[in-house]
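**Q** coords please:
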Amino acid sequence: MLSDIQNLVENDLSVYPESTYKAFIIGEQPSNGARSPLLWNKAFKAFDIDATMVPLDVKQNNLSKLFDKLEIDSTNIGGCIAAPYKEKIAKILGKNNLIEEASNIGAINNFFKKDLKSNKFFATNTDGEAALNQIKELLTFNNTKITDLKEVVILGTGGTSKAVAAYLSKQLSINCKIKLFYHNKHTIGYFYPERKITAYKWALKEKYLITADLIINCTSVGTGNLIDICPFNLDELIQQHASKKLSIYDVNYLPSPPKLIEVAKLKSINAIDGKGMNLIQAVLAFKNSTSNLLNDLSISNIKKAMLSEN
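**A** As a prediction, the model looks like this:
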């Protein structure tokens, strides 16, 4: 199986075992530190499933060819989608094969087969559900409920941003304002008509940050080549912000904490990064992709397996 797709990926697949079943994480460079293979492979071992999650570093022009090969292989149970292909692969699979909120968001992070004999993948987005779980936990430290929020600012309009906005919007009070800040406006779309989500140019963000109850960073600022950068000036925000109950959530987790969360905590701002979200989305995705192999896996048992030391 791996040798059949080697010519479509950039990393060396010969270092991975030829197990009975395969799962994949597909992105621009997931072989360079993606956490999902570590988590999934721990869970496979814990549940005695002869399977391996393999990272696939793929160039955009090979995505369609890769999925053509993956779909026809009954040993492939699915896997995860990493940046920057969450929206591109959603289009490849087609709207009719996207589950739940993913069809509204237009971005996916988990693909799977409802039947291993099928040659068609379905897909969903576990990012939004996982982020919502973490945001609710974050707010409890400020004695705040999600329905208490009056204004939420989301930085970025990529696939993760859309997932967070879609799930979050269904939990907020109808009077709560959601504001997104973008670099490329054409990436905005797929939101619920009953919820007005206003988009602004990136350069205007400081004007609105000072009135937000919750700020969510869904950009790559604070990781990768931007590891030492904050997406906005925290000192200026603190000086101008009227509320003492500001919360900040950053979906990034490499490094943990990213710069924004590190600085926010030094300034006693209620803040967490995306490490917990990354774990929960992996648990949900693993459950979806292994449903054909083990039907009775609970969320708590998968989480325990992924966090085991073995």
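**Q** I'd say Asn270 and Asn143 touch.
**A** No - assessed by C-beta atoms under 8 Å, Asn270 is found out of contact with Asn143, at 10.1 Å. C-beta coordinates here come from the backbone N, C-alpha and C atoms, glycine included.
**Q** Of these two, which one has the most company?
**A** Neighbour comparison, Asn270 and Asn143: the larger count goes to Asn270, with 19 against 8 (by other C-beta atoms under 10 Å).
**Q** give me phi/psi at the residue lying closest to that one once chain neighbours are set aside?
**A** Closest residue to Asn270 apart from its sequence neighbours, by C-beta to C-beta, 6 or more residues apart in numbering: Ser247 at 4.5 Å. Ser247 has phi and psi values of phi -120, psi 140 when expressed as degrees, to the nearest 10.
**Q** OK, contacts around Ser247?
**A** Taking C-beta atoms under 8 Å, 6 or more residues apart in numbering, we find Ser247 in contact with 138-139, 141-142, 144, 213-215, 269-271.
**Q** go with 6 Å
**A** Residues in contact with Ser247 (C-beta atoms under 6 Å, 6 or more residues apart in numbering) are 138-139, 142, 214, 270.
**Q** Show me what Phe24 is bridged to.
**A** Val54, Gly79 (DSSP bridges).
**Q** what number of residues lie near it?
**A** For Phe24, using other C-beta under 10 Å, the count is 28.
**Q** hang on, isn't it packed against Val54?
**A** Yes - when contacts are counted by C-beta atoms under 6 Å, Phe24 is listed as touching Val54 (5.5 Å).
**Q** what are the ranges of the helices in the chain?
**A** 2-5, 36-46, 63-71, 86-93, 102-105, 127-140, 159-169, 205-209, 234-240, 259-266, 275-289, 299-306 (DSSP state H).
**Q** which strands and helices sit next to the one helix or strand in the chain whose mean pLDDT sits lowest?
**A** The helix or strand of the chain with the lowest confidence, counting by mean pLDDT, DSSP states H and E, is helix 102-105 at a mean of 83. Contacts defined by 3 or more C-beta pairs under 6 Å, 6 or more residues apart in numbering; DSSP states H and E place helix 102-105 against helix 159-169.
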